[in-house]
Structures are given as C-alpha cells and as structure tokens.
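A.B. asks: No letters, just coordinates:
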C-alpha cells in the first residue's frame, strides 16, 4: 500500500510558465515533507521541505504548499527553466523517536521546453 | 549544503562474488545513514537504516545476511552485497543525516551495480 502517491508520472511545461507537481499521502502521522530533484544515474538533491505545522514554505522559485485536511502537498516552480527538467520525488517522514526514515513517492518527470 | 559521497560510482562483478559500497558524509557527522535501491522508473526503496555503533534495521523483505551493513564511524557506512546475483543489479543510493539537528536526508550520488 503506497503511503505517498505522485499520480502524474510526467509533466511538460513551457519555459517561463509555472510547474505544479502534486503529491498525496495517506498516513496522518507524517510530520515533515520534502521534495527532491533527481537526474538519471545521480542521487536525489534536496530542494525544499515543509513541516506539518505550516501550510506554505517558499525558497526562491520554489514554493511548497501543504493541505493537511486533504493530505495533499504541491510543489510550485515559477518561472520554470529548462534546467529544472528532472524527476521530482515527494517524500514524507514519520514522527521522530529513533526512526527518521523517509517514504518516497514514485516521482514525476518534469520536462521544461524552451 | 551537506555532502555525501559514494564509492565506487559503478561496479561490474561476476555472479557469486561480493561487492562493497562505501558511503561517506564529508562535512558533517551522520549519526544515521540509510541505504536505498532504485530499479528503473521506480521509486527509491528503503533497504535499511543504519545508526552509528549499532546494528542496522532492515526493511521487510530485505535479507540481512545478503546485504551486510556496517556503520562503524560517524562518517562512514558500508553496504556489502554478498554472493551477488544478476537480480541484485540495481542502483544503490545512500543517504545521511544527524537527527534531530537535521530534518533532511542528504543523498550520495549512487552506485550502479551490474552482476554478470
């Protein structure tokens, strides 16, 4: 049973427009959410995160929105650039204690066309 | 940002041999390291969680005797794939963190293992 779902395997947008990547989760015990960017044959690179006590976090062109009641988060990239083309993974972390492991979605391939 | 390295970046081995992959945190002390594997067009699947100085915690379905994990220092964890078979061919990625100081995991560049 997938606890973190990225239902769109791919997304294509025009350079300069907004890219919106979506993520849904089922476990209400998740307390921290992260977005990672990954190029082929490389490890994921941390992009932006949000705590479950917030509903928005912004960092430059990247903004993450969290809707706890809907168990939904989204990553907005504006303006989109060709260099943003990559696979984006949504990840969620359970409550602390001794276990800080992340649960990942399957990823969304973003293609930004010049 | 925190830097995590992996070595080797790729390895080809014969079936039945063992392969060791190293994961190092270069500029911070990683009390916890994670090992993932990724199949083509799939998500990262957590294999095990490794805390410095203690035994690794393996996810369900991961054979602990086949995937040996050692986290002997705060900057180094190793994954040894023992008696490798072609089905073990995959992309192995480690990550490191030092909770609760950090919420993020920082990932290494990955190791491509091909077993012939």
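C.D. replies: Alright, I've got the coordinates. If you're wondering where the values come from, they're calculated on a predicted model, not measured in any experiment.
A.B. asks: Pull the number of nearby residues for the residue in chain B that chain A sits nearest to.
C.D. replies: Closest to chain A within chain B is residue B:107: 3.6 Å, counting by Cβ to the nearest Cβ. C-beta here means a position set from N, CA and C on the backbone, and glycine is covered the same way. Residue B:107 has 24 neighbours, counted by other Cβ atoms under 10 Å in any protein chain shown.
A.B. asks: what do you get for residue B:28?
C.D. replies: Using other Cβ under 10 Å, residue B:28 has 18 neighbouring residues.
A.B. asks: Mind pulling the model confidence for the closest residue to it other than its chain neighbours?
C.D. replies: In space, and not counting its chain neighbours, residue B:28 is closest to residue B:2: 5.0 Å by Cβ to Cβ, 6 or more residues apart in numbering or on different chains. Reported pLDDT at residue B:2 in the predicted model: 81.
A.B. asks: can I assume residue B:2 is in contact with residue B:25?
C.D. replies: Yes - counting by Cβ atoms under 8 Å, residue B:2 touches residue B:25, with 6.8 Å between them.
A.B. asks: Give me the more crowded residue out of these two.
C.D. replies: Higher neighbour count among residue B:2 and residue B:25: residue B:25, with 25 against 17, using other Cβ under 10 Å.
A.B. asks: Look up how far residue B:6 lies from that one.
C.D. replies: From residue B:25 over to residue B:6 the distance is 11 Å, taken as Cβ to Cβ, to the nearest Å.
A.B. asks: does the residue nearest the centre of chain B sit in a helix, a strand or a coil?
C.D. replies: For chain B, the residue nearest the mean C-alpha position is residue B:35 (3.5 Å; Cα atoms, centre = their mean). Here residue B:35 is recorded as strand under DSSP: H, G, I helix; E, B strand; the rest coil.
A.B. asks: State the helix or strand in which the residue lying closest to it once chain neighbours are set aside lies.
C.D. replies: By the measure of Cβ to Cβ, 6+ apart, the closest residue to residue B:35 outside its immediate chain neighbours is residue B:47, 4.6 Å from it. Secondary structure from DSSP states H and E places residue B:47 in strand B:44-51.
A.B. asks: what's the answer for residue B:104, then?
C.D. replies: Secondary structure assignment for residue B:104, by DSSP H and E: no helix or strand.
A.B. asks: OK, contacts around the closest residue to it other than its chain neighbours?
C.D. replies: Nearest residue to residue B:104, sequence neighbours excluded (Cβ to Cβ, 6+ apart): residue A:46, at 4.9 Å. Each residue near residue A:46 by Cβ atoms under 8 Å, 6 or more residues apart in numbering or on different chains is listed here: A:34, A:36, B:1, B:104, B:105, B:106, B:107.
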